[in-house]
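**Q** Could you look at this predicted model? Sequence included:
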Amino acid sequence: MKPLRLLQVIGCMIAGVAWLFGREAVAQGPTVEPSSVEATPRAMAAPGSFESLLGPRPGGIEFVLGAQPGSDEALLGRIGTAAPRVPTEITTPGIPALVPQPRGIAAPEPLPAPRAPLYGSLALPTEDEEAEVPSRGISLDEAIDRLLRENLDLRSRAVEIPQARADVLTASLRANPIFYADAQLVPYGNYSEQRPGGPTQYDINISYPIDYSQKRRARIAFATSVLRVTEAQYQDAVRLEINNLYGAFVDVLAARQTLRYARASVEGLQRLLEATRLLYEKDLASRADVNQILSQLQIAAVGVVDAEENLRKAARNLGSILWIPPEEAETLEVRGSIEDRAPPPPPIEELVRLALECRPDVVAYRLGLQAARSGVGLASANRYQDAYLLYQPYTFLDNSPYNRRSSHAWAVGLTIPLPVYNRNQGNLERARLNVEQSALELRAIEQRVATEVRQAAREYQVSLEIVKRIRSEILPSAALVRDDRFRLFQSGEGTIVSYLESQRVYNETVKAYLDTAVRHRRSMLALNTAVGRRLLP
């Protein structure tokens, strides 16, 4: 048969096989990454997907564990006239599994602090009532313990760590040897003197890949570094979730304190109403004065109802974070105070040093830089394909058509891909650039963290100074003016209007004090989050 005719026959056979097994061709699509608009949002991961819940991994670069660069087909040689066409996927572990890629869902963001509207007036309770801390209920430490134990979001993110350990296991798997058997020179019919050929040959061989470039060791090092990054990312997710708990816990404390202040205001207006009625009986006040104070008392009573509902709302929000049913959360008691009774934190420079050393997101980026360097080693090892050692323990030569004794033989061979072309140089260059990029990201996150710590420390200092000044200077002055106006009103020298105006100024000062005290309590816990360590209670 002529060579041209043979090519035509082979072409027709390939076309027939393609028609039989599928009329619709499936090919690789373009590898252009989708735009951020078309891509799935990072805040939403597909249920049941393999996307991570811990956000993008610092130092991440796409690697297929154990990939053979340029392996269009198997380079498995053997003694004889043919070679087995066995895909390398069955000898290379980890082909279907990727090292954790840039992650899908970002780490939890701090919850916004809801500010409920306040109705009615506020007044400072007595020192004993204000200093009172409930002896029962859940403390902040107990709330943190329950958060780590019961919060389903954190429990789902914690699964990322055993998944990363599974990636290390995948990276450590060795390639499988290949068993191959064939029959060669099998005639169509029989060989004869007119049609000589053969003898028919039956072979059994085993090919074992030799990882002489240490790809397996590089895979293990890279997957192990990714595991460390994942652990640090989970710790950062815990830090941010605790920050959410901080906000919800302070909301409950603030709402409870607001309720105390509202009840104190009602009690003060009740005493004023009784005093005004006595003055009315002595003809020192008018009915309009009594009705005006009664109206203020009714508004203050409405403020108590509103403050009670705000407290229940804050308790439900805290219960949702701690995975407490809403009906139980409404009656949740907390132990704590918005007052700052803790010793001052260390100086700012010491706080910055602590944050750079122990904050989990900085640690994650630092470990990500190590992972990027391990990625360079993996890309360098993947430049070379495995060599294949062939051992053929059994070869049977069938000489029976020639009336001769058949014979047995064995063979050994070695297949080494010649690295004439480095088909992994693009991945290697990308891995090296990723190291530079990761180093820049580390410097950027260190600078951002230092700025956050300084801002948190300044907020702590400023809010503390404002709280002290309102408590020691502004509140006493407003209270003195109010008391003087009340004495003038009792003696008949002043009007109820002037007294109520002084009461309004005092109430606004009390609101400002409460808001600033809550702001300072938040700044204490925000400083813990910024440093990444529990410094203030």
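**A** Great, that's in hand.
**Q** Only C-alpha atoms from now on, for both contacts and neighbour counts.
**A** Noted.
**Q** Do I have it right that R174 meets Q214?
**A** No - between R174 and Q214 there is no contact under C-alpha atoms under 8 Å: 11.2 Å.
**Q** low pLDDT regions in this structure?
**A** Of all residues in the chain, those with pLDDT under 70 make up the ranges 1-51, 59-135.
**Q** which stretches of it form strands?
**A** Counting by DSSP state E, the chain has strands at residues 178-184, 200-210, 387-398, 407-415.
**Q** In CSV, list those strands along with distance to R165 and mean neighbour count.
**A** Listed next are these as CSV, based on distance: least, C-alpha to C-alpha, whole Å; neighbours: other C-alpha atoms under 10 Å:
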stretch, distance to R165, mean neighbour count
strand 178-184, 28, 14
strand 200-210, 25, 19
strand 387-398, 29, 19
strand 407-415, 34, 14
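**Q** For my notes, please list the ones you listed in JSON lines and give distance to A314 for each entry.
**A** Listed next are these as JSON lines, based on distance: least, C-alpha to C-alpha, whole Å:
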{"stretch": "strand 178-184", "distance to A314": "65"}
{"stretch": "strand 200-210", "distance to A314": "63"}
{"stretch": "strand 387-398", "distance to A314": "66"}
{"stretch": "strand 407-415", "distance to A314": "71"}
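**Q** for these, which one sits closest to L147?
**A** L147 lies closest to strand 200-210 among the strands of the chain, at 49.7 Å (C-alpha to C-alpha).
**Q** ok, the closest one: who's next to it in the sheet?
**A** strand 178-184 (antiparallel), strand 387-398 (antiparallel) (DSSP bridges).
**Q** on that earlier part again, out of the strands of the chain, flag the one nearest T529.
**A** strand 200-210 (50.3 Å).
**Q** what sits up against the closest one?
**A** Contact partners of strand 200-210, identified using C-alpha atoms under 8 Å, 6 or more residues apart in numbering, comprise 76, 78, 91, 175-187, 386-399.
**Q** Also stretch 515-523?
**A** 246-247, 250, 254, 338-340, 456, 459-460, 463-464, 466-467.
**Q** Next: stretch 342-353.
**A** Applying C-alpha under 8 Å, 6+ apart, the contact partners of stretch 342-353 are V449, A450, V453, R454, A457, V531, L535, L536, P537.
**Q** And stretch 472-485, by the same measure?
**A** Residues from elsewhere that reach stretch 472-485 (C-alpha under 8 Å, 6+ apart): G494, S498, Y499, S502, Q503, V505, Y506, T509, V510.
**Q** okay if I get these as TSV plus distance to V412?
**A** Converted to TSV, those look like this (distance: C-alpha to C-alpha, whole Å):
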residue	distance to V412
G494	116
S498	110
Y499	109
S502	104
Q503	103
V505	99
Y506	99
T509	94
V510	93
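**Q** ok, now how distant is the closest residue to A450 other than its chain neighbours from R454?
**A** Excluding the flanking residues, the one nearest A450 by C-alpha to C-alpha, 6 or more residues apart in numbering is V352, at 5.5 Å. Counting by C-alpha to C-alpha, to the nearest Å, the gap from V352 to R454 is 7 Å.
**Q** How about L169?
**A** Here the criterion is C-alpha to C-alpha. By it, L169 lies 42 Å from R454.
**Q** higher neighbour count, the two?
**A** Under the criterion of other C-alpha atoms under 10 Å, the comparison of L169 against R454 puts R454 first, with 20 against 14.
**Q** Check the chain for its longest helix and report it.
**A** In terms of residue count, the longest helix belonging to the chain (DSSP state H) is helix 215-281.
**Q** now for that one, which elements pack on it?
**A** Helix 215-281 is packed against helix 140-150, helix 152-158, helix 160-172, helix 287-321, helix 360-381, helix 475-491, helix 496-531, with contacts defined by 3 or more C-alpha pairs under 8 Å, 6 or more residues apart in numbering; DSSP states H and E.
**Q** by contact count, what packs against the third one?
**A** Just to be clear, that refers to helix 160-172. Secondary-structure packing of helix 160-172 (3+ C-alpha pairs under 8 Å, 6+ apart): helix 215-281.
**Q** repeat for the shortest one
**A** Helix 152-158 sits against helix 140-150, helix 215-281, with contacts defined as 3+ C-alpha pairs under 8 Å, 6+ apart.
**Q** how about TSV for those, with distance to A288 and mean neighbour count added?
**A** Converted to TSV, these look like this (distance: least, C-alpha to C-alpha, whole Å; neighbours: other C-alpha under 10 Å):
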stretch	distance to A288	mean neighbour count
helix 140-150	49	16
helix 215-281	10	22
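**Q** any chance of those in JSON lines, plus distance to L322?
**A** Output for the helices and strands packed on helix 152-158, formatted as JSON lines (distance: least, C-alpha to C-alpha, whole Å):
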{"stretch": "helix 140-150", "distance to L322": "5"}
{"stretch": "helix 215-281", "distance to L322": "8"}
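**Q** give me phi/psi at the closest residue to S156 other than its chain neighbours?
**A** Excluding the flanking residues, the one nearest S156 by C-alpha to C-alpha, 6+ apart is L53, at 8.0 Å. Backbone torsions of L53, given as degrees, to the nearest 10, read phi -100, psi 0.
**Q** Can you tell me how far L53 is from D153?
**A** Note on L53: its distance to D153, by C-alpha to C-alpha, is 9 Å.
**Q** How about T224?
**A** 25 Å.
**Q** Likewise for E193?
**A** Taken as C-alpha to C-alpha, the span from E193 to D153 is 80 Å.
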